[in-house]
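K.L.:
what's the 3D shape of this:
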Amino acid sequence: MRRELFIVARDRSDLYRYLSQTFADAENVEVIFDRRSTERREHSTTAAPERRRRERRSRPNVDEELRSVGYAFLVLD
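P.N.:
Okay, here's the model as predicted:
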């Protein structure tokens with residue numbers, strides 16, 4: 001069964017409550033708060049050495065979705 005994940009922006013507790021209640025009975029849906037730290041999401045103006053070529057769990061537009069609509073939706077296989 002595929003899992004579905006809502007990542008909710010930290011400042012949107014109202015949305016977190018709504019989505020948690022809406023999907024409370026859905027076994028394959030999980031609603032969580034964004035746990036990343038702010039510094040990690042912000043782009044640095046200085047070039048820092050990268051240990052990895054790309055983030056292991058990267059997904060384009062997650063940050064933008066969190067800022068614009070307050071959540072990001074992911075389907076996990």
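K.L.:
Apart from its neighbours in sequence, what residue is nearest E65?
P.N.:
What sits nearest to E65 in space, not counting adjacent residues and going by C-beta to C-beta, 6 or more residues apart in numbering, is A72, at 4.2 Å. For glycine as for every other residue, the C-beta is placed from the backbone atoms N, C-alpha and C.
K.L.:
ok, the helix or strand containing the one you found: who's next to it in the sheet?
P.N.:
Secondary-structure element containing A72, defined by DSSP states H and E: strand 71-76. Next to strand 71-76 in the sheet, as set by DSSP bridges, lie strand 3-8 (antiparallel).
K.L.:
Tell me the pLDDT of L5.
P.N.:
On the pLDDT scale, L5 is placed at 96.
K.L.:
wait, it sits on L74?
P.N.:
Yes: L5 lies in contact with L74 (C-beta atoms under 8 Å); the separation is 4.5 Å.
K.L.:
if we can go back for a sec, please list the outside residues in contact with the strand holding A72.
P.N.:
Identification of contacts with strand 71-76 by C-beta atoms under 8 Å, 6 or more residues apart in numbering yields 2-9, 12, 15, 19, 59, 61-62, 65-66.
K.L.:
let's go with 6 Å and repeat that
P.N.:
Applying C-beta atoms under 6 Å, 6 or more residues apart in numbering, the contact partners of strand 71-76 are 2-8, 62, 65-66.
K.L.:
Mind listing the residues bridging to the residue nearest to E65?
P.N.:
Bridge pairing for A72 - DSSP bridges - gives I7.
K.L.:
Could you give the number of residues near it?
P.N.:
Number of residues near A72 (other C-beta atoms under 10 Å) recorded here: 20.
K.L.:
Over to the one 5 residues further on?
P.N.:
One way to gauge burial is a neighbour count; for D77, by other C-beta under 10 Å, it gives 4.
K.L.:
Which residue comes closest to it once chain neighbours are left out?
P.N.:
With sequence-adjacent residues excluded and distances taken as C-beta to C-beta, 6+ apart, D77 is closest to R2, at 5.9 Å.
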